[in-house]
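# Could you work out the structure for the sequence below:
(2 chains)
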Amino acid sequence: MVKSDIDPVLLEILRNRFKAIVEEMASVTLRTGFTVFVKETSDFGACLVAPSGEVLAAPTETSVSLMVGLPGWEAINAFDHYDEGDVCIANDPDTTKGLSTHLPDIWVWKPIFVEGEIIAFAFNFIHSSDVGGRVPGSISPINTDIFQEGIRVPPLKLIRKGEINQDIVDLILLNCRIPDQNWGDIKAQLASLATAERRVKELAGRYGRDVVTKGITDLLDSAEERARDIIRSIPNGAYNASDYMEAVGVARPIRIELTMKIEGDSIDLDFTGTDLQVAAAFNLPTWGQQGHYMLSLALLNYFRTLDPEIPYNSGLIRPVRFELPLGTIVNPEPGLAYGVRAATFIRVMDCIMGCLAQALPEATPAASSGAISIVLLSVIDQETGKRRITVAQPLSGGSGGRPRQDGIEGTSFTGGWLRNVPNEVLEAEMPILVEEYGYPIDRAAAGRYRGGSAIRFRFRNLEDGTVMTARGLERFRFTPWGFQGGAAGPNASVLLNPGTAAEKSLGQLDLVTLEAGDVVEFVTPSGGGYGDPLKRPAGEVLSDVIAGFLTEEAALKDYGVVLSDGAIDEVATDRVRVSHVAQTLQGTFDKGSARAAFEAQWPEDVQRSLIAGLLKQPSARRRYLQKILEARLQSEIEAGDRLTPSQVEVWLEEIVSKGAKS
Amino acid sequence: MTKRYRLGIDIGGTFTDLVLMDEASGETLSFKTASVPSDPAQAVLNGIELLQKEHGIEPGSIGYFVHGTTLGLNTVIQRAGATTGLLVTKGFRDILEIGRLRLSDPTNFYVEKIKPLVARQHVGEIDERIGVDGRVHRPLDLEAAEATVETLIGQGVESLAVCFMHAYRNGAHEVQLAAHIRERFPQLYVSTSSEIWPQQREYERSLVTVINAYIGGQLRGYFDRLHDGMSRIGVKASLLTTKSNGGIMTAHAGAERPVETLLSGPASGAMGALQTGRTAGYDKIVGFDMGGTSVDIAIVDGDVLYSTESQVGDFPVIMPTVDISSIGAGGGSIAWLDPSGVLKVGPRSAGAVPGPAAYGRGGKLPTVTDAYVRIGLYSPGRVLGGGLVLDHDLAEAALATLAEPLGLDTGAVASGILDVTTANMYAQFMPLMARKGIDPREFSLLAYGGAGPGHAFLLAREVGSTRVIVPRSPGTLCALGSLVTDLRRDFIRTVSVDLLHRAPDGLERELAGLKQQAFDWLASQDTTMTDRKVETSADMRYRGQSFDLTVSFDSLDATVLLDGFHAQYQRIYGFSDPKADVEITNLRVAAIGVTGKPKQVVDKDASGKKHVRKANPIRIGTLIEDRKPVAAGFYDRATLVAGDWFEGPAVIEAADTTVYVPAGFTVHVDAWGNLIGEPV
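Numbering: from 1, shown residues only, chains lettered A, B, ... in the order given. Just a heads-up that it's a prediction; the model follows:
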């Protein structure tokens, strides 16, 4: 029990009051924000932060669930003095040291004074549709440094003592392609902060400043305590998981590795073995911040799944320590490109789930689709001559099968906050005809509890020159893992003009200009299965066939269920199911054949040795050394040689010394 | 025999409320009869027979009869409707399965997606396609469609919904197919999206169409039975039924469009609140209807607010309804301790069975009601509505389970439970007000339902309401509301977003078409109206935003529309941008058939002054308030008359409710018998 000067009744009252404030902040932003990411994908956030920089309350009903764990201290300490009525602004990951994680996220914060002292800060961010840079929308996977990604705003005082600094506004807006929308967004953010200030002052007026201050401390402590209780229920041990991103613009798939050490009531997340930073926009600038929100979400979800009433604040993340080697993709050096860092964040979540699955096999789902892509379409407006951008559909894919339930069709915990776009609205905005938006047959991984279905989205473009982007789609090559005997999930595919002579795979596309009559078909990846498909009751398999999720052929092949005339042939089914060799599937992962083939050539210990060796080299030389070393390893592979870790070390040594001599 | 009564009936889960109003004097008679869940029509007939037997009211003297039913709502919530099929445009089989994609709780690994009302195998894909401009891309293949329907019937489908892409713009394919099906398969109940609610957005439109088909057969049968039964016992008045939009329609219309009845119960309550407020001179009201598990919040700002995004069970409904929001806290909410020893209340509720511990029906867990009992709100031995007597010892025993771990006595625990409950309400209430752009300090809280008056003052104190109003009969406000409302049906037309600037005469044509539909509907309603009119409004937004505001207008003039939009935007969001582009997305017309209004009873003693004489309490009791014992006056509602006033802490005991007034409020009785509480 929390030792508190405030009684448990008042603490619950304060928790409710803070929740009301942050939900109100989020509602105000949602209703008044302008850019597509606010309205269609809820990509914005609001929270209250303690003077220490820890998040004391964050919304759970509106907006992206990515607030808890933000390094508020960096923003707060960017200034040595605050006056009442100040509002600060920033979007730069480097100078905010990981508060912002890519330039489109425009952050604002405001100190809330009560009786002359700061009692809390209000924070708010919006993912703006454009902040300038090389490409419209500012995000491109093939950007190589931050200067291509838009205007950089270090922490600045946008408003001093209630007076707005118009110079800053003018400078920012001049550097964006959609200044009116951006200004609308900033006003929405200011409205959200003003709401927070008014409500916190009312609260302090009602209960007294000291009580509120003490309440903030106690709420953080109580969340920490509850999180520690949960962690104590996880078996002690070290659990390891790894996975890949097939990032466009990068030669070898990007490796994410995580070792989760559970000891008593604390968790260590050690990212040693994770790949080097890249010359593409996948770097996740955490600045090594403890509890960083982009690395914590899966754990927070786990805490909230087990204890839905747990206070939602940064106390939850206190028991978790991060080991984030500098120079890796999860703790890159400054100045790199960060635009598509969400892909990295998603794969980190998969690795956390992979570790939890080993620690708690009876409580953890198989991997979800592991990708989020927002398909954007744009045309030149005939009338205004300006470019119009619209979200076509957010695409993600289903969740993994779960310990007692099938996976979720079409979406998952990774992008579960995303709302789709009514296709009728889409057709009104863009010159396209949607031909299909639904669940394709036989695209749900087999399992005792099967994975959720993928989504197929196919449309016909009706006018020349429609531009399509779909960044962040992943899992074309490697598959989401199945667990406990469940099959790996299906891959993604993107086809241009499918079923015609001109059919072409677009794969992980960046930007495509379409001609009139072109048809584009997306099929998302989807989650893996959980448990042995042969143990799935035949009745449930039949239900899936009747509902149209599964063909009769797949029922036989994947589940060993024989159907005839729409009914189960019990005798034949028993015969097929018995004939399968019983094997121990407890605790096993099905990571798919593509990964097995890749790792046969690039064994995991070889990759580890490569990464570790390069990280020991001076940072300025790493990329050069990596290129040469990988080329050499690749030619060895092609020659049919088996790579070993020690060989990698020797060759790296050779390349280094040769380079030093010349 | 002269017809001189109005009868309003509200059918609830346990009781059916009847309010009989004398048209000449405005005097009312309210009573309850047990509901008959297996045949809701029977309770209505029982009630009318009771009127005759016990009050000598001839069925033939009922000249105006309105009833509200929760049959449609319950059918949806209990998933007890017909086996329903859905016909969609090819390629959109998963329209219901996918919905709007977003998970109810994306942080929960075990979250369940909402199960649609139509099984996936009962969705038929039809070869046809209409474009966004209403042009036919692919003609309807009627033969293949018929085969699909036959297959569905073979699978047991009893009811069909049809929703094709862009049918809001061109409903020809839907109409053609529906006509064909109705002729070939007359046993099916068929609804089409272009008839039910022709608004752009295929998921939401198909959903209301599906709900209509899902409950249609049952509701049609119910209305038929009720109609026959009433004819049998001699009621000649037209059968009217209440709607989610606060209006009424004939039962015949209800059988075709039962989806419009889903939220009629709370909507009638809001209409009752509106009426009470208007009569008493208040036009800014937040209705506070507290039940066992939740509080229904309705807003009156001049008129009731309407919503186009209400929730019915698991589903969003886009047809206009009176704006009712639910807050998860009620008299049955259970108090408990979380693992860190913090006191929590709800969301679990003891419901009606076993109910709060004090009910003595086997409930052992402490609830909000038990806390009321412990602080002294209920005089020992007092008999409440329905004959219930609360058991103080059982409440005490339940609270004792929390007292020890909290280190408090049971009185302080009870006080704490009420404080946490109020904080729960606050946490949901304030963001809700923010979403509506409403400052609660400018609004009166009007408490109704059995439990509302017990907690309204506590919430009013936290949110800063100007006053609390408790009407004369808070328990039957819904039935009363249904007696004073008008016939109403909403019509919508989705228009091309740039019509406002590019082709205002096109907009004018669309509006004229809608108005024609509205007057046609009024003409088809077989009941007496004193006036027929339409109200016009438009959904507008800044170009680039996806939230519309519905703006009323009198003339379809661009300047008027834009000014109205900017002003409303300013009011809700605190700023507006007169330079920004504005689009219009939908035109709306409400058809209103005004019904004759009965007289309001005014207290004969009313002098118009607030504080005429200080009322005498029937006794002085002890209440626990903010954890301290205080002396409180207990008053008998029946003896309070206009001009009486008193101060909190006080308790007012009435037949259908108990009002709790904490310290800091003064209460007076106004000319219409309302209790008006104002902060000192």
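# Can you spell out the domain ranges of chain B, please?
Here the domain assignment for chain B is B:76-219, B:333-419, B:487-594, based on automatic domain parsing.
# wait, does the first one contact chain A?
It stands for domain B:76-219. Yes. Shown here: domain B:76-219 in contact with chain A (C-beta under 8 Å from any C-beta of the partner chain) through B:91-95, B:97-98, B:100-103, B:105-113, B:119-121, B:129, B:131-132, B:137, B:165-166, B:168, B:200-204. All C-beta spots, glycine's among them, are computed from the backbone N, C-alpha and C.
# In this structure A:V520 contacts A:R458, no?
Yes. A:V520 is in contact with A:R458 according to C-beta atoms under 8 Å; the separation is 6.9 Å.
# What is the burial count for the residue in the stretch 1-150 of chain B that chain A sits nearest to?
Residue nearest to chain A within the stretch 1-150 of chain B: B:P106 (2.7 Å; C-beta to the nearest C-beta). Residue crowding around B:P106 was assessed by other C-beta atoms under 10 Å in any protein chain shown; the count is 21.
# Helix, strand, or coil at the closest residue to it other than its chain neighbours?
Excluding its sequence neighbours, the residue lying closest to B:P106 (C-beta to C-beta, 6 or more residues apart in numbering or on different chains) is A:G416, at 2.7 Å. The three-state assignment at A:G416 reads coil, by DSSP: H, G, I helix; E, B strand; the rest coil.
# didn't A:G416 look like it was pressed against B:R100?
No. Contact criterion C-beta under 8 Å: A:G416 and B:R100 do not qualify, at 11.9 Å.
# what's near enough to touch the spatially most central residue of chain B?
For chain B, B:P266 is the residue whose C-alpha lies nearest the centre (C-alpha atoms, centre = their mean; 2.7 Å). By C-beta atoms under 8 Å, 6 or more residues apart in numbering or on different chains, the contact set of B:P266 is B:D289, B:D296, B:A298, B:V322, B:I324, B:C478.
# Just the ones in helices from the residues you listed, please.
Counting by DSSP state H, these place B:C478 in helices.
# Include neighbour count when you put the contacts of B:P266 into JSON lines, please.
Formatted as JSON lines, the contacts of B:P266 follow (neighbours: other C-beta atoms under 10 Å in any protein chain shown):
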{"residue": "B:D289", "neighbour count": "28"}
{"residue": "B:D296", "neighbour count": "22"}
{"residue": "B:A298", "neighbour count": "26"}
{"residue": "B:V322", "neighbour count": "30"}
{"residue": "B:I324", "neighbour count": "24"}
{"residue": "B:C478", "neighbour count": "28"}
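# Tell me which of the contacts of B:P266 has the lowest pLDDT.
Across the set of the contacts of B:P266, B:C478 stands lowest in pLDDT, at 85.
# For it, give me its contacts.
Counting by C-beta under 8 Å, 6+ apart, B:C478 has contacts B:D10, B:D17, B:G68, B:G265, B:P266, B:S268, B:G269, B:G272.
# Repeat that for A:A446.
A:G482, A:G486, A:A487, A:G529, A:P533, A:R536, A:A554, A:D558, A:Y559.
# 7 Å - rerun?
A:A446 sits next to A:G486, A:A487, A:G529, A:P533, A:D558, A:Y559 when contact means C-beta atoms under 7 Å, 6 or more residues apart in numbering or on different chains.
# got the contact list for the residue of chain A found nearest chain B?
Nearest residue of chain A to chain B: A:G416, at 2.7 Å (C-beta to the nearest C-beta). Residues near A:G416 by C-beta under 7 Å, 6+ apart: B:R102, B:L103, B:P106.
# Take the residues you listed and lay them out in TSV including pLDDT.
Formatted as TSV, these follow (pLDDT from 0 to 100):
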residue	pLDDT
B:R102	88
B:L103	90
B:P106	84
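# where does A:E427 land in three-state SS?
Following three-state DSSP, we place A:E427 in the helix state.
# cool, and A:A555?
When states are read from three-state DSSP, the local structure at A:A555 comes out as helix.
# Near chain B, which residues of the stretch 251-400 of chain A are found?
The stretch 251-400 of chain A comes close to chain B at residues A:N301, A:R304, A:T305, A:E309, A:P365, as judged by C-beta under 7 Å from any C-beta of the partner chain.
# Look at the last one and say how many residues are nearby.
The local packing of A:P365 (other C-beta under 10 Å) involves 29 other residues.
# Mind pulling the model confidence for it?
On pLDDT, A:P365 comes in at 96.
# And the one 3 residues further on, by the same measure?
Predicted confidence (pLDDT) at A:S368: the value is 97.
# The domains of chain B: lowest mean pLDDT?
Across the domains of chain B, the lowest-scoring stretch is domain B:487-594, with a mean of 87.
# Please report the separation between the first and final residues of that one.
6 Å (C-alpha to C-alpha, to the nearest Å).
# how far is that domain from where the chain is centred?
How far domain B:487-594 lies from its chain's middle: 23 Å, per C-alpha atoms, centre = their mean, to the nearest Å.
# quick revisit: of all the domains of chain B, which one is nearest B:K53?
The closest of those to B:K53 is domain B:333-419. By C-beta to C-beta, the value is 20.5 Å.
# what separates the residue nearest to B:P106 from B:D105, distance-wise?
Distance check for A:G416 against B:D105: by C-beta to C-beta, to the nearest Å, it reads 8 Å.
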